[in-house]
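Chemist: 3D, please:
(one chain, ligands or ions: 1)
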Amino acid sequence: MADLSINIKKLLFKNPVLTASGTFGYGEEFEDFIALNKLGGFITKGTTLKSREGNAYPRVHETASGMLNAVGLQNKGIDYFIKTTYPIIKDLNTNIIVNVSGSTIEDYTAVAEKLNALEKIPAIELNISCPNVKQGGMAFGTSCKSAAEVTKAIRKTYKKILIVKLSPNVTDITEIARAVEAEGADAVSLINTLLGMAIDAEIRKPVLSTVTGGLSGPCIKPIALRMVWQTYKAVKIPIIGLGGIMNAADAIEFFLAGATAIQIGTANFIDPQTSLKVIKGIENYLSKHKINSINELVGKLSIE
Ligand SMILES: Cc1cc2nc3c(=O)[nH]c(=O)nc-3n(C[C@H](O)[C@H](O)[C@H](O)COP(=O)(O)O)c2cc1C
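Modeler: Got it, this is the predicted structure:
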């Protein structure tokens, strides 16, 4: 059987399939539906320094081929995570990556510092791309200067694997990727959601309480794929690709475009077993094409 394992620096993943932040809770919620130890890893909901209620309802809306959300980083805060959630999940045999969100650089660094001390958390994913919060969030990810500043500050504090999650709501994502690479990011994840909106024409009002929200699902896959391909040519660090991956065929496209690993997001809401089916499908593809290791596929798009 082909070797599905990948590395980000010294961190080994048994396979390249992770679940995406905000679509998989803290893993424990999915334990009854899926064997978590089969995953390459899972990424927790965005976790902030203080607990957050999130935005007012309605904050989720189904669209053609995708969904809009404006959850607004609802979570119980890092201290709750450390005290209550971490002891429950820490011994799962998979990589647990905490998605770190914040409004200020100080917030981000305080959370990262606390996570640095947790033995069973080998990596964090820095969310500088959330479109659903008024302060911070995407604001950090849409300029090279602020993306670099926050990455630099975290890099000083956080000694383990640092993944920075990028926003697609920019003119040129490769510039942001280069900026965070230069400040010590070990990998980048792309993409977060695209800013969108929905209108209820009968009442002439926006559907979401926040007017705009983040678009995810199959409708964003072509954009995500294009951004992974562009970024692959721009940086040397590994790329974790996501955006609308629903099955193994979608995942294979991301590897060919240059992703070392992928994440499953919105698809978890349709079928929580999607990631395991994707792993199986990747195995089948590799064996059909007589490829020994998933690493051989990365960036192998032929454009002649
Ligand atoms: C309901 C919901 C909540 C999300 N919350 C977060 C979050 O807390 N932090 C984050 O970095 N991304 C968050 N995301 C973005 C996803 O992790 C992912 O980047 C995006 O949905 C695109 O992938 P997909 O099309 O496979 O869902 C959220 C997405 C959804 C749909």
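Chemist: and the helix or strand Ile240 falls within, how far out from the chain middle?
Modeler: Here Ile240, judged by DSSP states H and E, is contained in strand 239-241. The chain centroid and the centroid of strand 239-241 are separated by 8 Å under Cα atoms, centre = their mean, to the nearest Å.
Chemist: going forward can the numbers begin at 37, since that is how I track them
Modeler: Okay, residue one is now 37; in that scheme the one you just asked about reads as strand 275-277.
Chemist: in the protein, which spans are helices?
Modeler: 114-116, 122-125, 141-152, 180-193, 209-218, 257-270, 284-293, 303-306, 310-324 (DSSP state H).
Chemist: TSV for those, including mean neighbour count?
Modeler: C-beta: built from backbone N, CA, C; applies to glycine. Supplementary listing: those in TSV, determined by neighbours: other Cβ atoms under 10 Å:
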stretch	mean neighbour count
helix 114-116	17
helix 122-125	15
helix 141-152	19
helix 180-193	19
helix 209-218	21
helix 257-270	20
helix 284-293	21
helix 303-306	18
helix 310-324	18
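Chemist: for Ala237, give its distance to Leu244.
Modeler: Computed as Cβ to Cβ, to the nearest Å, the Ala237 to Leu244 distance reads 15 Å.
Chemist: who has more neighbours out of the two?
Modeler: Shown here are Ala237 and Leu244; by other Cβ atoms under 10 Å, Leu244 has more neighbours (24 against 6).
Chemist: residues contacting the more buried one?
Modeler: Contacts of Leu244 were listed using Cβ atoms under 8 Å, 6 or more residues apart in numbering, and they are 94-95, 97, 104, 106, 233-234.
Chemist: which ones are touching Asp115?
Modeler: Residues Lys150 are the ones in contact with Asp115 under the rule Cβ under 8 Å, 6+ apart.
Chemist: from Gly63, how far off is it?
Modeler: Taking Cβ to Cβ as the criterion, Asp115 is separated from Gly63 by 19 Å.
Chemist: what residues does the chain have near the ligand?
Modeler: 56-59, 81-82, 103, 105, 107, 109, 135, 163, 166, 201, 228-229, 252-253, 256, 278-281, 301-302 (Cβ under 6 Å from any ligand atom).
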